[in-house]
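K.L.:
Build the 3D model from these lines:
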Amino acid sequence: MRYDPDHKLQTRQRVLRVAARAIRSDGPAGVGVAGVMREAGLTHGGFYAHFQSKDELVAAAITQMFEDSGAQWRRALEGRDDADGLAACLRVYLSAEHRDGPGTGCPMAALASELPRLDVAAREAYSRGSRRLADGLAARLARLGHADADDLASSVLAELIGTLAMARCESDRTRSDALLAAARRQLGRRLNLEIDG
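P.N.:
The predicted structure follows:
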């Protein structure tokens, strides 16, 4: 059977999206090649037409995670000025829906504790993706008049990731919700944005 030229690329993208979701939900160590291929509707043997190893799959899936995350941020920012767009992004990031949806959420929060145990290619993919997000945030903060926008962007990202991780770990739903709300209030004050509204 002959396939059109885009078939292999589309198949690879399908595998990467399945792997990215699995990595977010179960961590890289919990992802099995056979399970990813099965969920993508493919055979285990077909894996090697796209990747040489599980490590290569994980690194490529991390890149895909950041591309998907960047696209989500761009959609949230579309048609908004810098202040409204950034407030909308932070509101969504620090929401109960994001906390409760780790399979589609932030790659930085999903991977931060796992990265030291992954190979160099995975860590490099993470670094490239996180730098792009930090640079985009810094540019927006600079346009809003914040001094030291690069440092501020790094600090804000650390606060977002830490808050989301803590909220996901908290067994008491009320306390978890309170963590998210407190971070929205504090970031709103710090950045002079209407986040918690």
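K.L.:
and for stretch 90-99, what are the contacting residues?
P.N.:
If you take Cβ atoms under 8 Å, 6 or more residues apart in numbering as the criterion, stretch 90-99 is touched by 76, 105-106, 160, 163-164, 167-168, 176-177, 180, 183-184, 187-188, 191, 193, 195-196. Just so you know, the C-beta spots here come from the backbone N, C-alpha and C atoms, and that holds for glycine as well.
K.L.:
Oops, could you answer that again for stretch 173-189 instead?
P.N.:
87, 90-91, 94-96, 99, 156, 159-160, 163, 166-168, 170, 193-196.
K.L.:
one step back: just the buried residues of the contacts of stretch 90-99.
P.N.:
Neighbour counting with 16 or more other Cβ atoms under 10 Å marks 76, 105-106, 160, 163-164, 167-168, 176, 180, 183-184, 187-188, 191, 193, 195-196 as buried within these.
K.L.:
Residue 156 and residue 137 touch, don't they?
P.N.:
Yes. Counting by Cβ atoms under 8 Å, residue 156 touches residue 137, with 6.5 Å between them.
K.L.:
all helices of the protein, in order?
P.N.:
With DSSP state H as the criterion, the chain has helices at 7-26, 33-39, 54-77, 82-93, 96-99, 107-111, 120-143, 149-169, 173-191.
K.L.:
So which bits of the shortest one are buried?
P.N.:
Of all the residues in helix 96-99, those buried under the rule 16+ other Cβ under 10 Å are 98-99.
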